[in-house]
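K.L.:
how would this look folded up:
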Amino acid sequence: MKKLFLFALGLCVSFAFAQNKNEKAPTAAKSKVHTNIKLTVKGLENSNMVLAFYSGDKQYVKDTVLFDSKGVATIKADTALPGGIYLAVFPKLGNRYFEFIMSEPQFQLETDTTELAGKMKVFNSEENKLFYDDMLYLNKIRKASDSLNSELKKAEGDAKKEALKGELRKLDTEVKSKRETIMRDHPTTLYAKVLKTMKELEVPEAPRDATGKITDSTFQWYWYKTHYWDNIDLNDDRLLRTPVLHNKLNQYFTRTVYQIPDSLSAAADDLLKKANPQGDIFKYMLVYFLNTMANSKVMGMDAVYVHLVKDYYAKGYAPWVDSAQLAKIIERGTILEPLLMGKKAQNIVLADSTLKKYYNLYNLTNKYVVLCFWDPDCGHCKKEIPVLLEAYHALKKKGISVEVFAPAIMGKEKMKDWTDFIHEKGLDWINVADPFRQNNYRYEWDIQSTPQIYILDKDKKIIAKRIGAEQVEDFILHEEDPTHKPKKPFEESESQKTYEPR
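P.N.:
You can find the predicted model right below:
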């Protein structure tokens, strides 16, 4: 069975509906329980049902309920179940299911296995009456639309085609009007709020001067971004348990907002201010923002991660996180902050292979310093280091002032392997190490995997981080000449990422 709810809202319901009988049920007997929902499905006697619900972009199992000999399954609870879109899934029917709205404490639904949605009867539930009435209506509109589109494909002559297109536009206008009526007359219902969340904004035309020329090319984007959340109630946690909120959030945060750290941090702050800090939507958004940034391949997005940790996790806005996990998250933010793009690199003073001559990172005067942490025993390093060496030589041949400062991550037992590799590959840059582990740079630079490559400018500010060796030449050439087109976007290498979603 297709996802009825999503199809219905998208105006492409694929079910043949019978008359939707919304009779008034007999007054239910008084019950001590707060939640008392009865689902009757003819044909499922003495079988079981899986009760599930949406949460963000996923579905979770809430419980398993048994049908009695009359095909009645009762959902009871001492408290109200969290509102949202729920799924009644039937293993006996190959996991076919129907969806319903959980927003009222007591109601009844009755249907038949021959047409789970089409034969649905709703008792004592304004929410589900709205939902199924609308689907029945949309199914009728869909049939009319299909018929008109079929005629349009066969139509000959512009007049006939335009007439059919006009009929299709009338249907579209009718649907919009019907849904506006639902939203206006039933504003507090979840179904109305779902429709409002899905409603597309009508963006006004950009302003033009007397000659008709657009005077502000960013007007429509800025208007759309500013009004994006006008119809969405971020204080109604029921919306979290529907399929619509996550998609809106994801589209906004990954496609609508400028994908730079400052803009994303500001967008996250703005949305979190709109939600109740004690609510489920606030929790979901904060976790979503943090995980999205932790998984981002875009260089520099750890700045948003650090911002979220400092301003929310470290300030008590994530009480659902246990103390041990919270300590780890805060520690990650503390470690990552000095390594953010634009920060001045922490100094490193290390000895060369003779263990007698020391090199100070801050004493290098080159326009660019490539800082490469590597391990002579690391298989990936053995592939990346020759690539970096080739880039280093290519840049120097172009007359670019660049140096490679390459600390080896190793103990004294690897000294011979290190020096042998240096000589074998002809690594004619600054090779340094701390074989006796007297320096704390491994922690300060968050070296959890190798190789890790940073690029610093003449002032030792970080201008690139955790990129692959094959990107170094392109990056520096682009810094020298912004018209230089890199072979691929500058992204953090997956092998160099050191923080995970929390």
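K.L.:
Now do the helices in the protein.
P.N.:
4-9, 126-154, 158-185, 190-198, 219-227, 245-251, 261-274, 280-295, 302-308, 323-336, 379-397, 415-425, 441-444, 469-480 (DSSP state H).
K.L.:
Against which helices or strands is the third one packed?
P.N.:
Applying 3 or more C-beta pairs under 8 Å, 6 or more residues apart in numbering; DSSP states H and E, one finds that helix 158-185 makes contact with helix 126-154, helix 190-198. Just so you know, the C-beta spots here come from the backbone N, C-alpha and C atoms, and that holds for glycine as well.
K.L.:
got the angle between it and helix 126-154?
P.N.:
If you take axes from the mean of the first three to the mean of the last three C-alpha atoms, to 10 degrees, helix 158-185 sits at 170 degrees to helix 126-154.
K.L.:
quick one: helix 158-185 to helix 190-198, angle?
P.N.:
In terms of direction (the same axes, to 10 degrees), helix 158-185 departs from helix 190-198 by 130 degrees.
K.L.:
Would you confirm that residue 491 contacts residue 297?
P.N.:
Yes - at 4.3 Å, residue 491 and residue 297 qualify as touching, with contact defined as C-beta atoms under 8 Å.
K.L.:
which of the two has more neighbours?
P.N.:
Neighbour count, other C-beta atoms under 10 Å: between residue 491 and residue 297, residue 491 has more, with 15 against 12.
K.L.:
can you count the residues close to residue 226?
P.N.:
Neighbour count for residue 226, taken as other C-beta under 10 Å: 9.
K.L.:
Model confidence for residue 413, exactly?
P.N.:
For residue 413, the pLDDT comes out at 94.
K.L.:
if I look at it, how far off is residue 294?
P.N.:
Distance, residue 413 to residue 294, using C-beta to C-beta, to the nearest Å: 34 Å.
K.L.:
which one of those two has more residues nearby?
P.N.:
More crowded of residue 413 and residue 294, by other C-beta under 10 Å: residue 294, with 18 against 9.
K.L.:
Double-check that one against residue 305; I have them as touching.
P.N.:
Yes - the criterion here is C-beta under 8 Å, and residue 294 meets it with residue 305 at 5.9 Å.
K.L.:
Which parts of the protein belong to which domain?
P.N.:
Following automatic domain parsing, the chain resolves into domains at 1-199, 219-339, 349-496.
K.L.:
Count residues in the vicinity of the residue nearest to residue 333 when sequence neighbours are not counted, would you?
P.N.:
Closest residue in space to residue 333, ignoring its immediate chain neighbours: residue 309 at 3.1 Å, by C-beta to C-beta, 6 or more residues apart in numbering. Residues lying near residue 309 (other C-beta under 10 Å) number 26.
K.L.:
The one 4 residues further on too?
P.N.:
With neighbours defined by other C-beta under 10 Å, the count for residue 313 comes to 20.
K.L.:
which residues touch it?
P.N.:
Shown in contact with residue 313 (C-beta atoms under 8 Å, 6 or more residues apart in numbering): 290, 321, 326, 329, 330, 333.
K.L.:
So which of those residues wins on neighbours?
P.N.:
Counting neighbours by other C-beta under 10 Å, residue 290 comes out on top of these with 24 neighbours.
K.L.:
Touching, residue 155 and residue 161? I think so.
P.N.:
Yes - under the contact definition of C-beta under 8 Å, residue 155 touches residue 161, with a separation of 4.9 Å.
K.L.:
quick one: residue 478 from residue 261, how far?
P.N.:
Remark: distance between residue 478 and residue 261 (C-beta to C-beta) = 19 Å.
K.L.:
Between the two, tell me which one has more neighbours.
P.N.:
Using other C-beta under 10 Å as the criterion, residue 478 and residue 261 rank with residue 261 on top: 22 against 16.
K.L.:
Excluding covalently adjacent residues, which one is nearest to that one?
P.N.:
Nearest non-adjacent residue to residue 261, counting by C-beta to C-beta, 6+ apart: residue 303, 3.9 Å away.
K.L.:
ok, now which ones touch that neighbour?
P.N.:
Neighbouring residues of residue 303 by C-beta under 8 Å, 6+ apart: 261, 265, 340, 341.
K.L.:
doesn't residue 307 make contact with the second one?
P.N.:
Yes - counting by C-beta under 8 Å, residue 265 touches residue 307, with 4.5 Å between them.
K.L.:
what pLDDT does the closest residue to residue 37 other than its chain neighbours get?
P.N.:
Leaving aside its chain neighbours, residue 37 sits nearest to residue 75 (4.3 Å; criterion: C-beta to C-beta, 6+ apart). Residue 75 is assigned 95 on the pLDDT scale.
K.L.:
Report the separation between residue 469 and residue 392.
P.N.:
Separation of residue 469 from residue 392 (C-beta to C-beta): 10 Å.
K.L.:
now swap in residue 352 and tell me
P.N.:
Per C-beta to C-beta, residue 352 is found 17 Å from residue 392.
K.L.:
Give me the buried stretch members for stretch 292-312, please.
P.N.:
Within stretch 292-312, the residues that qualify as buried are 292-294, 296, 298-309, 312, counting by 16 or more other C-beta atoms under 10 Å.
K.L.:
Tell me which helix or strand in this protein has the weakest average pLDDT.
P.N.:
Here the helix or strand of the chain ranked lowest by mean pLDDT, DSSP states H and E is helix 4-9, holding a mean of 38.
K.L.:
okay but residue 90 is in contact with residue 51, surely?
P.N.:
No - the criterion here is C-beta under 8 Å, and residue 90 misses it with residue 51 at 10.9 Å.
K.L.:
Comparing those two, which residue is more hemmed in?
P.N.:
A count of neighbours by other C-beta under 10 Å puts residue 90 above the other of residue 90 and residue 51, at 22 against 19.
K.L.:
ok, now which ones touch the more buried one?
P.N.:
Contacts here follow C-beta under 8 Å, 6+ apart; on that basis residue 90 touches 41, 44, 47, 49, 50, 96, 97, 113.
K.L.:
farthest residue from the center of this protein?
P.N.:
residue 356 (51.0 Å; C-alpha atoms, centre = their mean).
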